[in-house]
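Novice: Okay, predicted coordinates and the sequence, questions at the end:
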There are 2 protein chains.
Amino acid sequence: MLLFHFDICQYVLMTTPPLSACCPALLDHPLDEEQAEELTRLLKALADPVRLRLLSMVAAAPTGEICACELPSRLGRSQATISHHLSLLVRAGVLVREQRGKWAWFRILPEQFEAIREALAVPAAVSQG
Amino acid sequence: MLLFHFDICQYVLMTTPPLSACCPALLDHPLDEEQAEELTRLLKALADPVRLRLLSMVAAAPTGEICACELPSRLGRSQATISHHLSLLVRAGVLVREQRGKWAWFRILPEQFEAIREALAVPAAVSQG
DNA sequence: GTAGCATATCGATATCCATCGAAGGGAGTG
DNA sequence: CACTCCCTTCGATGGATATCGATATGCTAC
């Protein structure tokens, strides 16, 4: 029985993107410190108004990508600040950066969003109170 | 046509919990500053390892609720710190507090979790790149 | 009322982080 | 090469916040 469960887990680990399986569902089992830190890192990356607006602008761009050059004026922040937020989001795995000539272009990497959504899913036992 | 759309929105507003409709989907349209601040407030409330573990302990409790009295020892934080985190989560709308005698009991309020999940949903246009 | 426990609040501290100006690094242009 | 433009990195600063000890509040029991 234990072996069977282990095999299932191995299978899931091999067939799903590793970032999607970042953390177990928050409301299913008590998280240990390491799991909590991991999910916290993801949530902190999103928990900033400038970064949220930045992500929504990238996603809403007609081509699905956006040039960093237009962001300082659209967000009312200095170029240094925008660069800071962009590299933070790339490090967090929610954006990818591509250099083209002297411009840097960014687009959404959707896996981490799905990972957070899965981690925050409310199990039936909880939603029934 | 516009009227019809308006009526649908009114209907949704009346029939869903107001907190669930806190913010539009992040990756569907560019967020304005106010919408970004609102979603940020929710995400910040979750973006702390102690609070995440606290929430997972409440959800995993057999009765779906937990007494504040057992949390300082289980989380390795002072009583003052736990109290701070608990009141923050209540203010954020993810926990409800109920006083019973001298003990305070807490349980999960699932609406905000669903609100965040909806806000972070990845539209097909984005996930296809 | 008094004593004792559970919880909240206060005040202080240390750390984290968003922000910006300035300087540095690369890529294109002439 | 020199010059310009885009972007990153550095250093400094102000504000937010996690933490705790001490104190206050509130409830129960006697």
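Specialist: Done, it's in.
Novice: which residues does A:Pro30 contact?
Specialist: Shown in contact with A:Pro30 (Cβ atoms under 8 Å, 6 or more residues apart in numbering or on different chains): B:53, B:56-57, B:60. The C-beta positions use only the backbone N, C-alpha and C, and glycine is treated the same way.
Novice: hmm, which two among the residues you listed are most spread apart?
Specialist: B:Arg53 and B:Ala60 (10.3 Å; Cβ to Cβ).
Novice: the more surrounded of those two?
Specialist: B:Arg53 (26 against 18; other Cβ atoms under 10 Å in any protein chain shown).
Novice: returning to that earlier point: from the contacts of A:Pro30, list the ones also adjacent to chain A.
Specialist: The subset of the contacts of A:Pro30 within reach of chain A, by Cβ under 8 Å from any Cβ of the partner chain, is B:53, B:56-57, B:60.
Novice: Tell me which helix or strand the most centrally placed residue in chain A sits in.
Specialist: Nearest to the mean C-alpha position of chain A, counting by Cα atoms, centre = their mean, stands A:Gln112 at 3.4 Å. Assigned by DSSP states H and E, A:Gln112 belongs to helix A:111-119.
Novice: What of A:Ile82?
Specialist: helix A:79-92.
Novice: That helix versus helix A:111-119: what angle between them?
Specialist: 60 degrees (axes from the mean of the first three to the mean of the last three Cα atoms, to 10 degrees).
Novice: Output the contacting helices and strands for the helix or strand that helix A:79-92 is followed by.
Specialist: From helix A:79-92 onward toward the C-terminus, using DSSP H and E, the following helix or strand is strand A:95-100. In terms of contact count using 3 or more Cβ pairs under 8 Å, 6 or more residues apart in numbering or on different chains; DSSP states H and E, strand A:95-100 is assigned the packing partners helix A:79-92, strand A:103-108.
Novice: quick one: strands adjacent to strand A:95-100?
Specialist: strand A:103-108 (antiparallel) (DSSP bridges).
Novice: before we move on, back to that, state the next helix or strand along the chain beyond the helix holding A:Gln112.
Specialist: helix A:124-127.
Novice: Quick check: mean pLDDT of that next one?
Specialist: Computed over helix A:124-127, the mean pLDDT rounds to 91.
Novice: Give me the contact list for that helix.
Specialist: A:27, B:59, B:64, B:108, B:110.
Novice: And the residues you listed, which of them are buried?
Specialist: For the contacts of helix A:124-127, a burial check counting by 16 or more other Cβ atoms under 10 Å in any protein chain shown picks out A:27, B:59, B:108, B:110.
Novice: residues contacting the last one?
Specialist: Okay, so that is B:Pro110. A:122, A:126-127.
Novice: okay, these in JSON lines with distance to DNA strand D and neighbour count next?
Specialist: Below are the contacts of B:Pro110 laid out as JSON lines (distance: Cβ to the nearest atom of the strand, whole Å; neighbours: other Cβ atoms under 10 Å in any protein chain shown):
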{"residue": "A:Val122", "distance to DNA strand D": "23", "neighbour count": "21"}
{"residue": "A:Val126", "distance to DNA strand D": "23", "neighbour count": "20"}
{"residue": "A:Ser127", "distance to DNA strand D": "26", "neighbour count": "15"}
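Novice: right, so the helices and strands packed on strand A:95-100: which one is the most enclosed?
Specialist: When those are scored by mean count of other Cβ atoms under 10 Å in any protein chain shown, the highest mean neighbour count falls to strand A:103-108 (a mean of 19).
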